[in-house]
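A.B. asks: take this sequence and fold it.
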Amino acid sequence: MRRWAQFRQALDEIEANVKNVCSGSIPSCHRQAIGGGYYISVTSGFFCVDIRKCFVPYGGTEDKPTRQGIALRLREWGQMRKLVDEINNA
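C.D. replies: Coordinates of the predicted model:
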């Protein structure tokens, strides 16, 4: 539940970055932790919202993405964004 709450708190900031990516006027490179090693990232040039688990390899200092996660196209993100409140109320 904690991860869901952090995800919901990050929605406004994610939306702002999605709008920046869509407009193309302001470069965007947003990455936010939502707990449990999961991150949400929005980056100019990729036109998607990436929700992915990351890890720090042995002897490393930098997070590396795993294959566990999903990349939502901006259209798919828009549909999911509409459903978040319905999911939360259920």
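A.B. asks: partner strands of the host helix or strand of R67, with direction?
C.D. replies: Using DSSP states H and E, R67 maps to strand 64-73. Neighbouring strands of strand 64-73 in its sheet, by DSSP bridges, are strand 48-55 (antiparallel).
A.B. asks: can you list the buried residues in the strand it pairs with?
C.D. replies: For strand 48-55, the neighbour count (16 or more other C-beta atoms under 10 Å) marks 48-52, 54 as buried. In short, each C-beta sits where N, CA and C put it, glycine included.
A.B. asks: so can I have TSV of these showing distance to I70 and pLDDT?
C.D. replies: Shown next, in TSV, are those (distance: C-beta to C-beta, whole Å; pLDDT from 0 to 100):
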residue	distance to I70	pLDDT
C48	9	89
V49	9	92
D50	8	93
I51	5	93
R52	8	94
C54	14	92
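A.B. asks: coming back round to it: please work out the angle formed by the directions of the following helix or strand past the strand holding R67 and strand 48-55.
C.D. replies: Heading C-terminal from strand 64-73, the first helix or strand you meet, by DSSP H and E, is helix 74-89. Helix 74-89 runs at 70 degrees relative to strand 48-55, counting by axes from the mean of the first three to the mean of the last three C-alpha atoms, to 10 degrees.
A.B. asks: quick one: end-to-end distance for stretch 17-36.
C.D. replies: Using C-alpha to C-alpha, to the nearest Å, one end of stretch 17-36 lies 23 Å from the other.
A.B. asks: tell me the buried residues in it?
C.D. replies: Using 16+ other C-beta under 10 Å as the test for burial, stretch 17-36 gives 17-18, 20-21, 28, 30, 32, 34.
A.B. asks: need the worst-confidence member of those.
C.D. replies: pLDDT across those is lowest for S28, at 72.
A.B. asks: since that was my last question, I'll sign off now.
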